[in-house]
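>>> Output the structure for:
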Amino acid sequence: MLELEFTTEDLALTRLAISPLWEAIASLRVLTLPEGHPLHDPWLAAVRPRLARARLDLRPVTELVTPRVAAFVAPAPVIAAPDIRLELAAMRTHPVEGIQADLDVLGLPRYADPVAAIERVATTIEAYWELAVAPYWPRIRAVLEADVRHRAHLLSTGGSRQLFSDLDPNLRWEDGRLGVRLRSNRSGTVELDGRGLVLAPSAFAWPRVSLLTAPPWQPLLRYPARGTGTIWESRPAAPSHALARVIGRPKARLLTLLHEPATTTQLAALTGLTVGGASQHLTALRDAGLVCPTRIGRSILYARTETAEALMSEASEH
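Below you'll find the model as predicted:
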């Protein structure tokens with residue numbers, strides 16, 4: 001077991017954050033190494049054919065994340081809830097020396113043209129995000145944010161001991177030290193040296209914890225988020241009566257069916273609407289900020305936005 005040694009300053013700088021970039025990286029690891037991740041089988045079944053149709057070459061990234069992850073593609077987020085484009089911008093401007101050093105650690109060849117190589121990596125991640133993660137991000141983010149709120153409550157009511165003791169069975173808090181049981185069986189002691197620790201819940205990290213302590217980033221501990229098992233649960237087919245009274249039954253029905261991203265044609269077939277009618281309702285929902293379209297080859301997939309997820313969650317309680 002590896003032990004992280006905290007000072008008073010480290011405890012003061014310990015914080016919670018979520019990282020869309022990490023969810024993209026971790027999901028790509030699940031896609032590449034699916035064994036041991038049965039929880040995400042519904043997601044895999046949906047995104048594999050989508051990625052195949054898009055013919056996206058993921059090799060510039062997969063070599064950096066399997067079996068080990070290059071630190072520069074998944075550092076600690078600098079703010080509590082960054083946008084993925086902010087995290088990708090930080091990757092693009094990371095010092096070349098640090099990138100080459102991370103490649104050395106993984107035993108990979110150094111980049112002949114680091115700037116062009118990192119641009120290729122960032123562009124590939126962004127394209128992959130739009131295809132495989134963005135349509136589900138409102139649902140994933142809701143689980144991650146709920147976990148952060150839960151942990152913040154534990155910290156405010158019971159202090160560090162209660163926070164760490166509730167995080168994961170692979171963690172143990174005792175006498176100012178956090179024991180971390182990693183898959184690699186790494187052992188020893190790491191002094192945080194006043195850098196603190198970022199605690200980041202993750203959906204795609206399930207069922208393991210992972211740790212990044214290499215400078216120059218703030219030490220980072222990722223752990224499975226509470227409620228991850230609910231992300232891919234099927235939603236009720238019937239729209240909420242409360243929601244239908246506000247936006248009309250056809251639009252409420254479409255939003256309900258978008259628990260999985262779908263095309264206009266698919267939604268028309270499921271609802272009995274004409275393709276033109278479904279398109280009109282989807283356009284209205286898009287203009288209201290409730291659905292977001294993503295082009296994949298010749299098809300356009302619609303997915304619910306975070307606003308829609310919150311609206312449906314509120315309506316389901318009434």
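
>>> pLDDT (mean, whole number) over stretch 144-151?
Mean per-residue pLDDT for stretch 144-151: 90.

>>> and what of stretch 129-138?
88.

>>> Determine how far that stretch lies from the middle of the whole chain.
From the chain centre to the centre of stretch 129-138 is a distance of 9 Å (CA atoms, centre = their mean, to the nearest Å).

>>> Residues contacting that stretch, please?
Contact with stretch 129-138 is made by 20, 23-24, 27-28, 31, 43, 47, 50-51, 54, 56, 84, 140, 231, 261, 292, 294, 296, 301, 303-306, 308-309, as judged by CB atoms under 8 Å, 6 or more residues apart in numbering. Quick note: C-beta positions are derived from backbone N, CA and C, even for glycine.

>>> Could you turn the buried ones of those residues into a PyMOL selection?
In PyMOL, a selection of the buried entries from the contacts of stretch 129-138 looks like this (16 or more other CB atoms under 10 Å):
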select buried, resi 20+23+24+27+28+31+43+47+50+51+54+56+84+140+231+261+292+296+301+303+304+305+306+308+309
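
>>> Which of the contacts of stretch 129-138 fall within helices?
Judged by DSSP state H, those include 20, 23-24, 27-28, 31, 43, 47, 50-51, 54, 84, 140, 306, 308-309 as members of helices.

>>> Check these against S202 and report the nearest one.
The nearest member of the ones in helices among the contacts of stretch 129-138 to S202, counting by CB to CB, is E23 at 6.5 Å.

>>> got a list of what that closest one touches?
Taking CB under 8 Å, 6+ apart, one finds V133, W137, I140, L144, S202, A203, F204 in contact with E23.

>>> same check, this time on D147
Applying CB under 8 Å, 6+ apart, the residues near D147 are P201, A225, R226, G227.

>>> swap in A284?
K251.

>>> If we use 10 Å, what do you get?
With contact set as CB atoms under 10 Å, 6 or more residues apart in numbering, A284 has these partners: I247, G248, P250, K251, L254, L290, V291.

>>> In helices, which of the residues you listed fall?
Reading helices off the contacts of A284 with DSSP H, I get I247, P250, K251, L254.

>>> which of those residues lies closest to R110?
Of all the ones in helices among the contacts of A284, L254 has the smallest distance to R110: 50.2 Å, by CB to CB.

>>> tally of neighbours for the closest one?
Counted by other CB atoms under 10 Å, the residues lying close to L254 total 28.

>>> Can I have the buried ones of the contacts of D147 as a PyMOL selection?
The buried residues among the contacts of D147 can be selected in PyMOL (16+ other CB under 10 Å) with this line:
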select buried, resi 201+225+226
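
>>> just curious, which of the contacts of D147 is nearest to T271?
Among the contacts of D147, and counting by CB to CB, the member closest to T271 is G227, at 29.3 Å.

>>> Check the contact between that closest one and A203; I expect there is one.
Yes - under the criterion of CB atoms under 10 Å, G227 makes contact with A203 at 8.9 Å.

>>> Now for these two: what residues contact both?
Jointly contacting G227 and A203 under the rule CB under 10 Å, 6+ apart are V143, L144, D147.

>>> Which members of those residues are positioned in strands?
Using DSSP state E, no member of the shared contacts of G227 and A203 sits in strands.

>>> Tell me which of those residues fall in helices.
Those of these lying in helices (DSSP H): V143, L144, D147.

>>> Mind pulling up the pLDDT for the residue of the chain most remote from its centre?
Here the chain reaches farthest from its C-alpha mean at T274, the gap being 35.1 Å by CA atoms, centre = their mean. On pLDDT, T274 comes in at 89.

>>> quick one: it and P250 touch, right?
No - between T274 and P250 there is no contact under CB under 10 Å: 11.1 Å.

>>> overlap in contacts of the two?
Q280.

>>> buried ones in stretch 97-106?
Buried residues in stretch 97-106, defined by neighbour count with 16+ other CB under 10 Å: G98, I99, D102, L103.

>>> Just the CA trace of the helix or strand that contains the first one, in PDB.
Spelled out, that is G98. Using DSSP states H and E, the element containing G98 is helix 96-106. Presented in PDB, the C-alpha positions along helix 96-106 are these (Å, rounded to 0.1, in the frame of the first residue of the first chain):
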ATOM      1  CA  VAL A  96       7.700  20.400 -24.600                       C
ATOM      2  CA  GLU A  97      10.300  19.200 -22.100                       C
ATOM      3  CA  GLY A  98       7.600  17.800 -19.800                       C
ATOM      4  CA  ILE A  99       5.800  16.100 -22.700                       C
ATOM      5  CA  GLN A 100       9.000  14.400 -23.900                       C
ATOM      6  CA  ALA A 101       9.800  13.400 -20.300                       C
ATOM      7  CA  ASP A 102       6.400  11.700 -19.900                       C
ATOM      8  CA  LEU A 103       7.100   9.800 -23.100                       C
ATOM      9  CA  ASP A 104      10.400   8.600 -21.600                       C
ATOM     10  CA  VAL A 105       8.600   7.300 -18.500                       C
ATOM     11  CA  LEU A 106       6.200   5.300 -20.700                       C
END
